[in-house]
Each structure stands twice: as C-alpha cells, then as structure tokens.
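Enquirer: What would the 3D arrangement of this be:
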Amino acid sequence: MGDYCAWLDRFIKKCKLNNPHIIAHSFGARVAFKYLDGGSADRIVITGGAGIVKPRSAQYMRKVKAYRRIKKLFPRYAEKHFGSSEYRTLSPVMKQSYKLIVNEDLRDCASKISNRTLLVYGKNDSVTPADEEGKAFNNLIAGSRLELLDGGHFCFSERPEEFNNLVYNFLTEE
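Expert: Modelled structure (predicted):
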C-alpha cells in the first residue's frame, strides 16, 4: 500500500494540487485511507470502499491449511483450484502483493480521518457489503455520511445520475 500512496503523493505534488478532493472506489479506498494517514486532501468520497479484514471462520482456516499442504505436493493443482477467480488470474508477483493488500486492516487509518467524508455503497454489493464495510467505516470516520444506492459494487456506474448528484451536492455544500 505504501507504494501506491507514494505514487499518489507524487502525482498530487506534480500536478500542484492543494488539498484536492479524493474520490475512490473499492481498492482505491484502501489507498485513500492509507494516504490520508499522512497526506493532505479536502473532502473524500468513497464508493464500495474496502479495507476491513473480517474474522476468519474455522472453515476458511481449514481451506488455507489444505491449500498449503497441497501446494507443497502439487503446486500447479493448488494454484488452479484454490483462491478466488480473481486471485488465480494474477502473476506470482501480483499474488504476493494481493495477499499483503487484502490482509491489511485499515480501521486504524480510517479512524484518524477528520476530513468531510461521503461513503456510497450499493445495497446489493457482495464484494464490500454496506452492512459490513460501509457501516464500519461510517462508525470509524467521525462525521462521515453513509448513502446506499440501488445496485452492487459498481453502483456509481449502475446509477450514474444519482451517484453524480450525491457527489456534486456533497462537494459543493457549505
């Protein structure tokens, strides 16, 4: 995450942006939360934001142990049959990066945010559910506002007018 934040910081400085608004989706929310732990911004809009590591069930932990055992004996089989479809498509280097990213819980970073923050989640988001991620971030970020739109993880593109109106009103309100 530090590499992504460093890139964002260089970009903001190169563009000579002073306290820009940040709009981030899903993984981008991870970058925004981490960046704001030391970087500067004005208002923040997070849609489908990720960054909460959920407790691992016993079933999940059994799958991890099975994967590790099978990987030692049959690495190709393990790589083809374990993990999410997204994870299986990644190169070995990206798999290492992915594991570090999804296993970093950003509650502490989020709790330090004092910026005005709008959280927008899809009512049917199964990737970053509003009941889990959205409400958790809303409770962690003082003064944040949580809005739920019809749709899923890409509710901003499923309901563009509604999303754009929410964002415009948020960014222009006193």
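Enquirer: so where do the helices sit in the protein?
Expert: Remark: helices of the chain, listed N- to C-terminal, are 2-14, 27-35, 58-73, 75-81, 85-88, 92-102, 107-111, 135-140, 155-158, 160-172; assignment by DSSP state H.
Enquirer: Now the second one: average pLDDT?
Expert: Here helix 27-35 scores 93 as its mean pLDDT.
Enquirer: Pull the contacting residues for the spatially most central residue of the chain.
Expert: Among the residues of the chain, the one closest to the centroid is residue 50, at 2.6 Å (C-alpha atoms, centre = their mean). Residues near residue 50 by C-beta atoms under 8 Å, 6 or more residues apart in numbering: 26-27, 29-30, 102, 127-128, 133. For glycine as for every other residue, the C-beta is placed from the backbone atoms N, C-alpha and C.
Enquirer: any idea of the pLDDT on it?
Expert: Residue-level confidence at residue 50 comes out at 93, pLDDT.
Enquirer: so how far is residue 154 from it?
Expert: Computed with C-beta to C-beta, to the nearest Å, the distance linking residue 50 and residue 154 is 13 Å.
Enquirer: Quick check: which of the helices of the chain is buried the most?
Expert: Mean neighbours per residue, mean count of other C-beta atoms under 10 Å, is largest over the helices of the chain for helix 27-35, with a mean of 23.
Enquirer: how about the nearest residue to residue 35 once chain neighbours are set aside, what does it touch?
Expert: The shortest distance from residue 35 to any non-neighbouring residue, by C-beta to C-beta, 6 or more residues apart in numbering, is to residue 5 (4.4 Å). Under the criterion of C-beta under 8 Å, 6+ apart, the neighbours of residue 5 are 31, 34-35, 38-39.
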